[in-house]
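In: Sequence isn't available, so here's the structure alone:
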């Protein structure tokens, strides 16, 4: 039975083993290579290929009918007989044989096997060019997505920290403005109090002057 493509791709992209434990294998263009699958074939074996920053694609499904021991691959996405299935009768596993390796064949390969309705992932191999002197291997999709996720998280953290610092500075500026306003109010009240005291003083001075004048007038001797 053929696995629905959408569901199958979801399973492929969620498989950490195929991306983390890939074994690098250096090959030359034009060579033939056979990739091993370490899961025994039960009902259906499929092989997938994944280029960096791309989702996996199915090369073929139902790779081999064990009863007849004849290859019967169902190809997908334009793959052809250059990719063939090979049954290992000792381990009863289905391997992938690629003829006349081209530059576009340098990618990640892994097998999946349907066992009693469950999907099991086998080992994975990363084909790299033998002419490439560098030791670096292109990152699979999982690590690319992880790097993107970490970058977005870092940007979010920076934005959050900046907003938090802005809020703190804003809260610090509020007491300063309040103190300034309170100081102005205190100065105003002090000036008002001084005016009131001066008015009272002038009023008292006026009363004292009037009282003094009356007293002086009373104390003056009468002239007969």
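Out: Great, that's in hand. In this text, all values refer to a predicted model and were calculated from it rather than measured experimentally.

In: how about low-confidence regions in the protein?
Out: Where the chain drops to pLDDT under 70, the residues are 1-21, 42, 62-72, 133-164, 166-167, 171-224.

In: biggest strand in the protein, by residue count?
Out: Criterion DSSP state E: the longest strand present in the chain is strand 118-129.

In: Quick one: list the elements packing against that one.
Out: Helices and strands touching strand 118-129, by 3 or more CB pairs under 8 Å, 6 or more residues apart in numbering; DSSP states H and E, are helix 17-20, strand 23-27, strand 108-115. Any C-beta I mention is one placed from the backbone N, CA and C, and that applies to glycine too.

In: Could you list the buried residues of it?
Out: Across strand 118-129, burial judged by 16 or more other CB atoms under 10 Å covers 119, 121, 122, 123, 124, 125, 126, 127, 128.

In: for stretch 30-39, same thing?
Out: Counting neighbours by 16+ other CB under 10 Å, one finds that the buried residues in stretch 30-39 are 33, 35, 36, 37, 39.

In: first to last residue in it, what's the distance?
Out: End-to-end distance for stretch 30-39: 28 Å, by CA to CA, to the nearest Å.

In: what's it in contact with?
Out: Here stretch 30-39 makes contact (CB atoms under 8 Å, 6 or more residues apart in numbering) with 25, 27, 45, 47, 86, 88, 93-101, 109, 111-113, 115, 120-123, 125, 127.

In: could you redo the last one with a cut-off of 6 Å?
Out: 27, 93-101, 109, 111, 113, 120, 122-123, 125 (CB atoms under 6 Å, 6 or more residues apart in numbering).

In: contacting residues for the closest residue to residue 83 other than its chain neighbours?
Out: In space, and not counting its chain neighbours, residue 83 is closest to residue 59: 5.2 Å by CB to CB, 6 or more residues apart in numbering. Under the criterion of CB under 6 Å, 6+ apart, the neighbours of residue 59 are 47, 49, 79, 83.

In: Just give me the neighbour total for residue 46.
Out: Neighbour count for residue 46, taken as other CB atoms under 10 Å: 27.

In: which SS state does it fall under?
Out: Three-state assignment for residue 46 (DSSP: H, G, I helix; E, B strand; the rest coil): strand.
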